[in-house]
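> With the input below, show me the fold.
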Amino acid sequence: MTSAAAPWVPWPRFDRRAYLLLLDDQRRFLLCGGRCGGWTVPQVRMTSGTQFVESAARFLDEQFGLTNPRFDSVYGVRQSRAGDNGEFDRVTAARVFIVRISDAEGVAIEQRSPAHARWRAPDLRRRRREIYPEGIVLLTTGYVEGWTPDGPICLC
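This is a model prediction of the structure:
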């Protein structure tokens, strides 16, 4: 007896990410709680064929109601090589964008989800071991304190 095999459909290859650092008017960054007891920044997982900025803008609209996100000129870049990490068996790419939000937009996000909180740079530094991904705290505190250069930053 022969059984009909279901056709094989490959999973989407989410090999690109955009990390979003939402900074309000009082220089507080938005973090998402609940990641194994830790905190993370909002992130968009994307397939190979998608664009970073467009995917980030769509995510901000869908998740937080930010219809006209204000991206800052500072962003981070990370490009892996094959075999760099155990998470993927292929090359991955990530971008980190700083997005300016108003205090009112920050309040609306926190009210929508109690798992979100806005932290100032001293709080980020003090609790840096609780925040994923590594390196985000250095980038965010440097930006707020004015020593991060304008333009791309390698997160290698």
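
> since we're on I98, how many residues are nearby?
Using other CB atoms under 10 Å as the criterion, I98 is surrounded by 22 other residues. C-beta: built from backbone N, CA, C; applies to glycine.

> count of residues packed around the residue nearest to it when sequence neighbours are not counted?
Distances taken as CB to CB, 6 or more residues apart in numbering put D72 closest to I98, at 4.0 Å, once the chain neighbours are dropped. Applying the criterion other CB under 10 Å, we find 13 residues in the vicinity of D72.

> how far does stretch 18-36 sit from the chain's center?
Averaging C-alpha positions (CA atoms, centre = their mean, to the nearest Å) puts stretch 18-36 8 Å from its chain's average.

> Let's test this: name the helix or strand in this protein with the lowest mean pLDDT.
Lowest by mean pLDDT, DSSP states H and E among the helices and strands of the chain is strand 152-154, with a mean of 56.

> My guess is the residue nearest to I98 contacts I101. True?
No - in this structure, D72 is not within contact of I101 by CB atoms under 8 Å, at 11.0 Å.

> what is in contact with these two at once?
Counting by CB atoms under 8 Å, 6 or more residues apart in numbering, the shared contacts of D72 and I101 are L23.
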